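1. With the sequence up front, the predicted model follows.
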Amino acid sequence: MEHVIAILITLLIIGAFVGGWLHAMAIAVDIFFQSLIWDAPIGVTISSRAGLAARNGKPFGAKCINFIMFNKNHCEESIAEDIRRAQEALTFLTK
């Protein structure tokens, strides 16, 4: 089981750096695990949750994720991307 989790985390990180379908798969896996762990609204990524926690005085998770992603603004950018993706879905659903 640990190997499966390690592989999924590795694919998640690689997918975040690569565009196209691998990036979409990384977001899907991220949102799936986020949903399992926190039972929160679907569409919010782990990075966004960490960014929101950092905004509320709990920066540890965001610092770790930002370090792993080699981007000091990754979690804040993830919040903006989750909002953009949600707005795009709303536009599609309200046509």
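-> Arrived safely, thanks for sending.
2. tell me what the strand or helix carrying residue 29 is packed against?
-> Take DSSP states H and E as the rule and residue 29 turns out to sit in helix 20-38. Where contact means 3 or more CB pairs under 8 Å, 6 or more residues apart in numbering; DSSP states H and E, helix 20-38 is packed against helix 2-17, helix 46-55. Placement of C-beta: from N, CA and C, glycine included.
3. Can you tell me the closest non-neighbouring residue to residue 86?
-> Of all residues not flanking residue 86 in the chain, residue 43 sits nearest, at 5.7 Å (CB to CB, 6 or more residues apart in numbering).
4. surely the one you found meets residue 87?
-> No - with contact defined as CB atoms under 8 Å, residue 43 does not reach residue 87; the gap is 10.9 Å.
5. So for these two, which residue has more residues nearby?
-> In this view residue 43 and residue 87 are compared by other CB atoms under 10 Å, and residue 43 has more residues nearby, 15 against 10.
6. What about the more buried one? Give its phi and psi, please.
-> phi 110, psi -10 (degrees, to the nearest 10).
7. Specify which residues of this structure, grouped into ranges, have pLDDT under the cut-off.
-> Counting by pLDDT under 70, the chain contains low-confidence ranges at 1, 19.
8. Kindly format the C-alpha coordinates of stretch 52-65 as CSV.
-> What follows is stretch 52-65, C-alpha atoms only, in CSV (Å, rounded to 0.1, in the frame of the first residue of the first chain):
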residue,chain,number,x,y,z
LEU,A,52,-5.9,28.8,3.1
ALA,A,53,-4.5,27.4,6.3
ALA,A,54,-1.4,29.6,5.9
ARG,A,55,-3.7,32.7,5.5
ASN,A,56,-5.2,31.7,8.8
GLY,A,57,-1.9,31.5,10.7
LYS,A,58,-1.0,27.8,10.0
PRO,A,59,1.8,28.1,7.4
PHE,A,60,3.5,24.7,7.9
GLY,A,61,1.7,22.7,5.2
ALA,A,62,2.0,25.5,2.7
LYS,A,63,5.7,25.9,3.4
CYS,A,64,6.2,22.1,2.9
ILE,A,65,4.2,22.1,-0.4
